[in-house]
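Sequence and predicted structure below; questions after.
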Amino acid sequence: MNQSKVQILSRLSSMNPISPVLAPWVSRRDFPDRKAQFKQALEKAKGECRLVADLAEATEVVAQLLAAAGAREVVVQQNDLLDSIDWHGLVPGITLHQAGNTVDDWRKYCADADAGISSAVALLAETGSLVLYSGAGNGRLTTLLPPLHIALVPESHLMVDLFELVDKLPTPLPANIVIVSGPSKTADIEQTMVVGVHGPLRLVVIVIEGH
Amino acid sequence: MKTTTGDFRKTARQAIDDKRLQAALESATEHFRAGRQGAFAEFPNIEILRDHLKQARAATLANLGTHLEAFERNAVANGSTVHWAEDSGAAANIVLDIARRRGASSVVKSKSMITEEIHLNQHLEHNGLEVTETDLGEWIVQLAEEAPSHIIAPAIHKTRGEVAKLMSDEGGFQVDPQDITAMTRHARMRLRQSFLSASIGISGANLIVAETGSVVLVTNEGNGRMVTSLPDIHIAVVGIEKVAPDWKIAAAWLSLLARSATGQPLSIYTNIISGPARSDDPDGPREVHIILLDNGRARLTGGKYAEVLECLRCGACLNVCPVYREAGGHAYGSPYSGPIGAVVSPLLFGLDEYPGLPQASTLCGACLDVCPVRIDLPRMLLELRADSVKQGLVPRHERWVERAAGRILQSDFLTTAAATLVRIAQRTFGIRDRLSLLGRVLPALSQGSFSKWWREVQKP
């Protein structure tokens, strides 16, 4: 065994291992209207939330957002939901990437993109959060580098809070999980809040009702 | 010796006389206090959650070895490399060694108090590496070659004009000194170049989770995600006390952390790292190294100061402390300032190095009041003061005065006699309101004594 490890462990006070087991926290939190709570919490953190009836309406909203933002290059994650959309027909003239031939290519597409589009594993109503797992087709940089992040998420992915999420974590965990609770921001200069620092300047979550 | 009472007073005096700094400190701490209050009011049963987390933290520390070994096993199973460092030098050298072996020359860092503790930046720069801080406040103080002055808001003491000048000098072009948004956009653009080209990303960790061998890092800016996703190598330095045994406890921890620090229910980005990129991940680091640092923490377990290891590093105690709010962070001379800093700095780095810090308190108890895990800082400040006396760290004249005062106050006759003498002196010198005695300003003694009045009042 590593010498430093041995030294450190030996310095720790050894306690009676039979200590009473602490009962875990049970969150009894819930909201009469989880969607409304999610929207309110996300908007408080300067994020945007659109509630749509179906995937078709969601697609229209995405097209409007991209056109209004003057987006020319877009990076999109890959999953069943996102793959069912005809991206190339969406906004004429847009260049779309879902993967790179090399890691460097992918990084460049994400760095140059005007918008990144993802879905989400879960939404947390209490904190207005979006939960993203890394994995095949789900790059981290898609939702990190571009100035605009659009997420399309079925309403059925809506959970109450972080306590519910941790009860449903997969085994093993993905290499990276991000819980996103708004667009990036800082108040480091004279305590004046500015939205948009290193992460996206704008976060739009489109919740697809009844999905 | 780093910070004596004299040192503290001197720097605090400068801070107190700096009207602009006072306004900045008040505005920042008020903002955080109000935020915390609002967040706590909104959450049902938060007092019970605080008690729960306190018990969980105490129980974890009582069996810390078990949890650290579980963490190591699960982290290694994810593909991370776990290193153990006994002290600052060892930790800094592990980082340097990794950098050297990979031929890395540039490093980006997200905000990490523990890397300040181990003087990592200086060590790497001395050895030829380029280090860029990426938290906006930390980047600003790095450009200014100063130390951060608050755990959560490192550049509280800088004006927009000062920030603009630092950025202009660094970037080689003009930045509008009035436009804070423009400055932030400039930082985004400038630091993005660093993120994209750095070979190594270094972070701390807000907590680590033993159950899955995960590192949890929270930021509002997104620099934590950048630093842990873009460079090929990610190194996380974390104190051994920062472990949560499982995800249920981690969820309770995260529920209290941002609420206590800034009033947000969660920070903008809660980043959970469980090993390097998997084979089919499009991006992410190829290597993840986690350095578990002791540096004085292990020997505190099981003793009267063990409680200090429960700290979540939220900064709530700084925001309510009447001393910190006037003196600012630099007076403490340590990476850890405020009430927690006054206790943890002497404990980790030596009471003989920081004899002034346990004195830098009014013992008002506001820190205990707001601490999410109810750490009894006032108790430990008193214990440290007692330790200072036992270790002979209190100047002889001060001990003499306190011993004399103790003798006088224990005797009714001597107290009455002393008070009478003071009253005579006050009358002679025409002192009505204030009394300056041995460097302290006290209210003057009243005209009549309480004991005399009490005797009068008892008469039928």
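Looks like it arrived, so ask away. Numbering: from 1, shown residues only, chains lettered A, B, ... in the order given.

Helices of the stretch 301-450 of chain B, start to end?
B:316-320, B:324-327, B:338-349, B:366-370, B:377-390, B:396-409, B:412-429, B:450-458 (DSSP state H, counting those that start in this stretch).

what comes up buried for the lowest-mean-pLDDT helix or strand in chain A?
Lowest mean confidence among the helices and strands of chain A (mean pLDDT, DSSP states H and E): helix A:87-90, at a mean of 81. Within helix A:87-90, the residues that qualify as buried by neighbour count (16 or more other C-beta atoms under 10 Å in any protein chain shown) are A:87, A:90. Placement of C-beta: from N, CA and C, glycine included.

Need the nearest residue in space to residue 78, chain neighbours excluded.
Picked chain A for this. Counting by C-beta to C-beta, 6 or more residues apart in numbering or on different chains, A:Q78 lies nearest to A:G137, which is 3.2 Å off, once chain neighbours are set aside.

right idea, wrong chain: chain B
Closest residue to B:N78 apart from its sequence neighbours, by C-beta to C-beta, 6+ apart: B:G275 at 2.9 Å.

if I pick the closest residue to A:S134 other than its chain neighbours, what's in contact with it?
In this structure, A:S134 finds its nearest non-sequential neighbour in A:N176, 3.9 Å apart by C-beta to C-beta, 6+ apart. A:N176 is in contact with A:133-134, A:140, B:228-229, B:271-274, B:277, B:281, B:284, counting by C-beta atoms under 8 Å, 6 or more residues apart in numbering or on different chains.

cutoff 10 Å now
The neighbourhood of A:N176, defined by C-beta atoms under 10 Å, 6 or more residues apart in numbering or on different chains, consists of A:132-135, A:138-140, B:214, B:225, B:228-229, B:271-278, B:281, B:283-285.

Quick check: bridge partners of it?
B:I273 (DSSP bridges).

Could you do B:V209 as well?
With DSSP bridges applied, B:V209 shows beta-bridge pairing to B:S214, B:A244.

Show me the longest helix that occurs in chain A.
When chain A is parsed with DSSP state H, its longest helix is helix A:55-68.

So B:Q410 versus chain A, what's the distance?
If you measure B:Q410 against chain A using C-beta to the nearest C-beta, to the nearest Å, the figure is 38 Å.

Phi first, then psi, for that residue.
phi -80, psi -10 (degrees, to the nearest 10).

how many neighbours does it have?
Look at B:Q410: counted by other C-beta atoms under 10 Å in any protein chain shown, it has 9 neighbours.

Let's see the pLDDT reported for it.
pLDDT recorded at B:Q410 is 94.

roughly how far apart are it and B:R403?
Using C-beta to C-beta, to the nearest Å, one gets 11 Å for the distance from B:Q410 to B:R403.

that older thread, isn't the residue nearest to A:Q78 up against A:V75?
No. Here A:G137 lies out of contact with A:V75, judged by C-beta atoms under 10 Å, at a distance of 11.5 Å.

Quickly list what's touching both of the two.
With contacts taken as C-beta under 10 Å, 6+ apart, the residues that reach both A:G137 and A:V75 are A:98-99, B:282.

Give the PyMOL command for selecting the buried subset of those.
Under the burial definition 16+ other C-beta under 10 Å, those of these that qualify are selected in PyMOL by:
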select buried, (chain A and resi 98) or (chain B and resi 282)
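
any idea which of the shared contacts of A:G137 and A:V75 is least confident?
For these, the least confidently modelled position is A:A99, at 87, judged by pLDDT.

give the contact list for B:D7.
With contact set as C-beta under 10 Å, 6+ apart, B:D7 has these partners: B:1, B:331-333, B:354-357.

Chain A versus that one, what's the distance?
For B:D7, the distance to chain A - C-beta to the nearest C-beta - is 27 Å.

So what angle separates the directions of the helix or strand where that residue lies and helix B:338-349?
With the criterion set as DSSP states H and E, the secondary-structure element containing B:D7 is helix B:5-17. Using axes from the mean of the first three to the mean of the last three C-alpha atoms, to 10 degrees, the interaxial angle of helix B:5-17 with respect to helix B:338-349 works out to 150 degrees.

Identify the residue nearest A:S4 in space, chain neighbours excluded?
B:W84 (4.2 Å).

Got the phi and psi for that neighbour?
Dihedral angles of B:W84 (phi, psi; degrees, to the nearest 10) stand at phi -120, psi 130.

C-alpha coordinates for the helix or strand bottoming out on mean pLDDT in chain B, PDB please?
With mean pLDDT, DSSP H and E as the measure, the helix or strand of chain B carrying the lowest mean pLDDT is strand B:434-437 (a mean of 75). Included here for strand B:434-437 are C-alpha records, laid out as PDB according to Å, rounded to 0.1, in the frame of the first residue of the first chain:
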ATOM      1  CA  ARG B 434     -15.900  57.200  26.700                       C
ATOM      2  CA  LEU B 435     -12.900  55.700  28.400                       C
ATOM      3  CA  SER B 436      -9.700  54.800  26.500                       C
ATOM      4  CA  LEU B 437      -8.000  52.000  28.300                       C
END
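
Which other helices and strands does the least confident helix or strand of chain A contact?
Secondary structure elements in contact with helix A:87-90, counted by 3 or more C-beta pairs under 10 Å, 6 or more residues apart in numbering or on different chains; DSSP states H and E, are helix A:55-68, strand A:73-76, strand A:95-97.
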